[in-house]
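Student: the following comprises the amino acid sequence and a computationally predicted model.
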Amino acid sequence: MRFSETVVYTKEREWEQYLVPATIDDALKLLKRFKGDARVIAGGTDLVVQARQGGLQAKVLVDISHLRGFSDIKLHKGMIRIGAGATHSRIAESALVVERAQALAEGASRVGSPQIRNVGTIGGNIVNGQPGADTAIPLLALDAAVKVVGTRGERIIPLKEFFVGVGQTKVDSTKEIVTEISFPALKNGEASCALRLAKRKTLVLPVLTAAVMASVKSGKGRTFKDVRIAVGPVAITPLRCKQAEEVLIGNPVTDALITRAAEVAATEANPRSSLMRGSSTYRKAMVSVLVERGIRSALERIGGER
C-alpha cells in the first residue's frame, strides 16, 4: 500500500496521519483499520471547513483524489458516468455534459469560485448532504444514481433515496466511498435547465436553486412526455416536486399548464425563514418563478414553440 504521511493541526484537534492509497481497495482497508477515526478526502473544500469549525471528528485523512479513473466522465450504453473525483470545473467544461446534461453543467459552473471549482469534487458535493447543493439539484432532476463501494461490496443508490436529512446521506463515510454518479444522457426531444437565485454570483450559498428536465412528444400538438423538477434548499433534503410534475406529464404544452405546475411546486416547498436567505413566504414565491423559468427554458432548448 502506497501512502504519504503528515501531521496537520486544526483549532479543535490534530489529524495524526494523511494517507494516499493506490487503489479503492487500499482506501477501504484504511477506513476499516482506523475503525471510524478515518475520513476520505478528495477536494477537501467542505471537509477542511468542517474541521476548522470543530465539526469533523477524525484522526486520519485518506486522500483518494489521485485514484485511476476516479475523475473520468464518459458515455456508456446511453448513460453518462462521472467519477466521484471529477471537479466542478471539469464537469462544467465537459462537452458531453454540456450537450447531454446541460443542467448539471450549469449547476457545476456556479459552485463557489473558480478556485473552489478547480478543486472541489462532485462526490464531495453530494456526500456533504446539503439540501441546496448546486450539483445535487440538477442530478436529482436528471434521475441520477450513486455507486457506493464498501468492504462488503458495492451498491447503487438512486439519488432520490440518497439524502436522509441536512448533512446526512445513506453513505457511512467511515466505511464506504462514493465512486461514481450516473444518469441517462438526454436524447432528442429532451432538455434540462438549472437556475440559481443568490445575492451575488460567486462565493455565496444560494437563496434557491432549481432544475428541470423535460421531454415532449410531438404530433398535432406538443405533449409533455416526462418532467422532473427539483428544488432546494426548501426542505431537509433536496426536493423533487412530484405533484408539479404530475400536472404536466401526459398533458399538452400550454402557458396555463406551465404556470399551474410552477404554482404547485411552490406549495410542495417548505422553506424556513432565514436572515441569510429571506422569509419563507418570499422563497416559496420564488420557487414558482424559478420553476416556471426552468420549464420554459428546457422547452426552448428542445425547440419548437414556446
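Tutor: Here it is on my side, so go on.
Student: who's in contact with L195?
Tutor: Going by C-beta atoms under 8 Å, 6 or more residues apart in numbering, L195 touches E106, T209, A210, A211, L290, R293, G294, S297. For the C-beta atoms, the positions are set from N, CA and C on the backbone; glycine is no exception.
Student: how about 7 Å then?
Tutor: Applying C-beta atoms under 7 Å, 6 or more residues apart in numbering, we find L195 in contact with T209, A210, L290, R293, G294.
Student: turn these into TSV, including secondary structure.
Tutor: Below are the contacts of L195 laid out as TSV (DSSP: H, G, I helix; E, B strand; the rest coil):
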residue	secondary structure
T209	strand
A210	strand
L290	helix
R293	helix
G294	helix
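Student: out of those, which comes closest to A256?
Tutor: Nearest to A256 out of the contacts of L195 is R293 (C-beta to C-beta; 16.2 Å).
Student: give me the nearest residue to the closest one, chain neighbours excluded.
Tutor: Nearest residue to R293 in three dimensions, chain neighbours excluded: L195, at 5.9 Å (C-beta to C-beta, 6 or more residues apart in numbering).
Student: center of this structure - which residue?
Tutor: The centroid of the chain falls nearest to A136 when counting by C-alpha atoms, centre = their mean (1.8 Å).
Student: so F224: helix, strand or coil?
Tutor: Following three-state DSSP, F224 is assigned to strand.
Student: what's the residue nearest to it when sequence neighbours are not counted in contact with, if anything?
Tutor: Nearest residue to F224, sequence neighbours excluded (C-beta to C-beta, 6+ apart): L248, at 4.3 Å. L248 is in contact with F224, V227, L257, A261, counting by C-beta under 7 Å, 6+ apart.
Student: mind checking which of those are buried?
Tutor: Buried by 16 or more other C-beta atoms under 10 Å: F224, V227, A261, out of these.
Student: how about these in JSON lines, adding distance to V40 and pLDDT?
Tutor: As requested, these are exported to JSON lines (distance: C-beta to C-beta, whole Å; pLDDT from 0 to 100):
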{"residue": "F224", "distance to V40": "40", "pLDDT": "97"}
{"residue": "V227", "distance to V40": "35", "pLDDT": "98"}
{"residue": "A261", "distance to V40": "39", "pLDDT": "98"}
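Student: just name the closest of those residues to G43, please.
Tutor: V227 (32.4 Å).
Student: list the contacts of that closest one.
Tutor: M213, A214, E245, L248, I249.
Student: also V231?
Tutor: Going by C-beta under 7 Å, 6+ apart, V231 touches I137, L208, A210, L239, C241, A265, A269, V287, V291.
Student: just the residues you listed: which are in helices?
Tutor: Of the contacts of V231, the ones assigned to helices by DSSP state H are I137, A265, V287, V291.
Student: neighbours of the last one, how many?
Tutor: Here the number of neighbours of V291 (other C-beta atoms under 10 Å) works out to 30.
Student: how far away is it from G44?
Tutor: For V291, the distance to G44 (C-beta to C-beta, to the nearest Å) stands at 34 Å.
Student: dump the contacts of V231 to JSON lines, plus distance to E154.
Tutor: Output for those, formatted as JSON lines (distance: C-beta to C-beta, whole Å):
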{"residue": "I137", "distance to E154": "25"}
{"residue": "L208", "distance to E154": "34"}
{"residue": "A210", "distance to E154": "31"}
{"residue": "L239", "distance to E154": "27"}
{"residue": "C241", "distance to E154": "31"}
{"residue": "A265", "distance to E154": "34"}
{"residue": "A269", "distance to E154": "34"}
{"residue": "V287", "distance to E154": "36"}
{"residue": "V291", "distance to E154": "35"}
